[in-house]
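Visitor: Predicted model and sequence follow; I will ask about them next.
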Amino acid sequence: MAENYSQWYNDLVLKADLAEQSPVRGCMVIKPYGFAIWEKMQGALDGMFKETGVQNAYFPLFIPKSFFSREAEHVAGFAKECAVVTHHRLMNDPEGNGIIVDPEAKLEEELIVRPTSETIIWSTYKNWIKSWRDLPILCNQWCNVVRWEMRTRLFLRTSEFLWQEGHTAHATAQEAEEETERMVHVYARFARDHMAMPVIVGRKSPNERFAGALDTLTIEAMMQDGKALQAGTSHFLGQNFAKSFDVKYTDQEGNLQYVWATSWGVSTRLMGALVMAHGDEHGLVLPPKLAPIQVIMVPIFKTDAEHAAILDKMAELKKAIEAEGHTVKIDDRDALRPGFKFAEWELKGVPVRLAIGPRDLKNGTVEVHRRDTLEKQTVALEGIEKSIAALLDDIQKTIYQKAFDFRESRVEKCDDWDEFKEKIQTGKFLLCHWDGTPETEQKIKDETKATIRCIPIDSFVCEEPGKDIYSGKPSDRRVVFAISY
RNA sequence: CGGGGUGUGGCGCAGUUGGCUAGCGCAUCUGCUUUGGGAGCAGAGGGUCCCGUGUUCGAGUCACGGUACCCCGACCA
């Protein structure tokens, strides 16, 4: 698995029925099973957003080119990867070669397919905001965006992807900065509590900052090959967009002020993170909180009479487990053998499997198998529904702990450049001193492909004097270096 | 856009110095036996060998051109 991690990942995504490549260049089809997991993520995140007062809204897919180019840094950041709509009509080719674009139907102003929605949203917020009483505005949208990537990988980088983007407007810089931090911590909590994935919360270096932001906060996760994956970002946009789109409000003293902005987002990339954080050689390992099916039941039988009796028993058990609030499926496909079903549901990462056969029927028992450790034991059927909750809870904790321990074993301090060059290639997060200059960061990237993933603000905070790992210049804190996806 | 590779039933592949009726595994369909860790046997269906041009008695195989996809770089959530 470690040797050919990329291939393992790709095969797993395909075999577990999460997604497949579409014939459309760089695009992906998310299959029903994969989408069900994404819906669980959406549900949990959406609930967390709403707890902070965020409301959902929807803004257009198309952005007029002129809107897009109002914020200079922002355009520069996205210009190279935009899909552009130039025409609005097709016609039959007069020379008989099928359908062509009607040259008469050229748009006066081209439309950009959103790579992110700051510009269209700020051109809208301008009309919503007049007074300090209108603030803050806390909106989120679930949508798709398009970034014309050269090379793509299922979930991790596709030309089109699904995400949520929150866009907020505030009266003061402090409020906006608080919002930026609040949301990055929502993401960190979601990663920990739902995805069972530990993350490092931190600040991006200027090089890695979002185009148009004054500050970018990030959650960085470690995959099982030791590479870093940026799993979510939250940006403090200052007054850049307010000034570009002329969004002002009248404060309590009657003065006109520009508003302060944030934006934050996570994408279907989280699906990739989930696969790479927990998967093993048998397939996917889903944290119970995100598993569309938490308990799968497989009947084992020889005769029709046994089959019927077992299915009756299972239907009864299913009701009892569902009453405890879990999702259960009975796999009663009769053409397939139990061993095949076992392997298939393991591949799909279902946390708990219950098998009942003639032997169990006679003894009043059930075989309980947990996906994370692959352990199985035969226990009394009576009252089993009560212990399922505890088992699911334990699986959730165990896979988090496993991912946590894995990361712990691969994070270390490093103060020697030669050592750095060697260790960074073996898939580690190295805590190193950095002189704070983009030049040094760029040189390190050029020589090793490693980048500063973040300057930690929660865990792994290392504020101590030292010397830059590369330049030797003075530094007052360590930052996280890693090779990333 | 630079470097490399591959196009052969639905999927994955083999096909020798050009040679006979283009094969194999998986999947599919039918039947019987099976079912506590990815079943066995018997039979069946399914191909413009990516496209075009050329060389040749003869091209899946050789040459030239085109095209599609994949991998490695630069770019990126």
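Guide: Thanks, I have the structure now. Numbers count the residues shown, from 1 in each chain, chains lettered A, B, ... in the order given.
Visitor: So A:D46 is in contact with A:Q55, correct?
Guide: No: look at A:D46 against A:Q55 with Cβ atoms under 8 Å: they stay out of range, at 10.6 Å. The way it works is simple: take the backbone N, C-alpha and C, and place the C-beta from them, glycine included.
Visitor: Which one's more surrounded, those two?
Guide: With neighbours defined as other Cβ atoms under 10 Å, A:D46 and A:Q55 compare such that A:D46 has more, 15 against 10.
Visitor: That one and RNA strand B, how far apart?
Guide: A:D46 sits 19 Å away from RNA strand B, going by Cβ to the nearest atom of the strand, to the nearest Å.
Visitor: do A:M28 as well
Guide: 9 Å.
Visitor: residue contacts, that residue?
Guide: Contacts of A:M28 were listed using Cβ atoms under 8 Å, 6 or more residues apart in numbering, and they are A:19-22, A:152, A:154-155, A:158, A:160-161.
Visitor: domain assignment for chain A?
Guide: A:5-61+A:133-278, A:288-406, A:411-482 (automatic domain parsing).
Visitor: got the contact list for the residue most central in space within chain A?
Guide: The centre of chain A sits closest to A:L270, judged by Cα atoms, centre = their mean, with a distance of 2.1 Å. The contact partners of A:L270, taken as Cβ under 8 Å, 6+ apart, are A:41, A:195, A:231-232.
Visitor: Let's see that with 7 Å instead.
Guide: By Cβ atoms under 7 Å, 6 or more residues apart in numbering, A:L270 lies in contact with A:41, A:195, A:231.
Visitor: now swap in A:M297 and tell me
Guide: A:314, A:318, A:328, A:330-331, A:354.
Visitor: what number of residues lie near the residue lying closest to A:T152 once chain neighbours are set aside?
Guide: Using Cβ to Cβ, 6 or more residues apart in numbering and skipping residues adjacent in sequence, the residue nearest A:T152 is A:G26, 4.3 Å away. Neighbourhood size, A:G26 [other Cβ under 10 Å]: 18.
Visitor: What about A:G26? Give its phi and psi, please.
Guide: phi 70, psi 0 (degrees, to the nearest 10).
Visitor: do the same with A:C414
Guide: Torsion angles, degrees, to the nearest 10, at A:C414: phi -140, psi 130.
Visitor: Quick check: chain neighbours aside, which residue is closest to it?
Guide: A:L430 (4.3 Å).
Visitor: can you check A:D17 too?
Guide: Closest to A:D17 by Cβ to Cβ, 6+ apart is A:Y33, at 4.5 Å.
Visitor: Repeat that for A:S387.
Guide: In space, A:S387 is closest to A:V379, 7.7 Å off (Cβ to Cβ, 6+ apart).
Visitor: Check A:K106 too.
Guide: That would be A:H87: by Cβ to Cβ, 6+ apart, it lies 5.6 Å from A:K106.
Visitor: Now for the one you found: which residues touch it?
Guide: Contacts of A:H87 (Cβ under 7 Å, 6+ apart): A:101-102, A:105-107.
Visitor: thinking again about what came up before, how much space separates the residue nearest to the centre of chain A from A:M197?
Guide: Using Cβ to Cβ, to the nearest Å, we find A:L270 at a distance of 9 Å from A:M197.
Visitor: Helices of the stretch 251-400 of chain A, start to end?
Guide: A:269-278, A:304-323, A:338-347, A:358-363, A:384-408 (DSSP state H, counting those that start in this stretch).
Visitor: quick one: the fourth one near RNA strand B?
Guide: Yes: if you take Cβ under 7 Å from any atom of the strand as the test, helix A:358-363 does meet RNA strand B, through A:358-361.
Visitor: same thing with the last one?
Guide: No: counting by Cβ under 7 Å from any atom of the strand, no contacts exist between helix A:384-408 and RNA strand B, the nearest distance being 13.2 Å.
Visitor: name the helices or strands packed onto that helix?
Guide: helix A:269-278, helix A:304-323, strand A:352-356, strand A:365-370 (3 or more Cβ pairs under 7 Å, 6 or more residues apart in numbering; DSSP states H and E).
Visitor: could you dump the ones you listed to CSV with mean pLDDT and distance to RNA strand B?
Guide: Formatted as CSV, the helices and strands packed on helix A:384-408 follow (pLDDT from 0 to 100; distance: least, Cβ to the nearest atom of the strand, whole Å):
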stretch, mean pLDDT, distance to RNA strand B
helix A:269-278, 95, 4
helix A:304-323, 95, 8
strand A:352-356, 98, 4
strand A:365-370, 98, 4
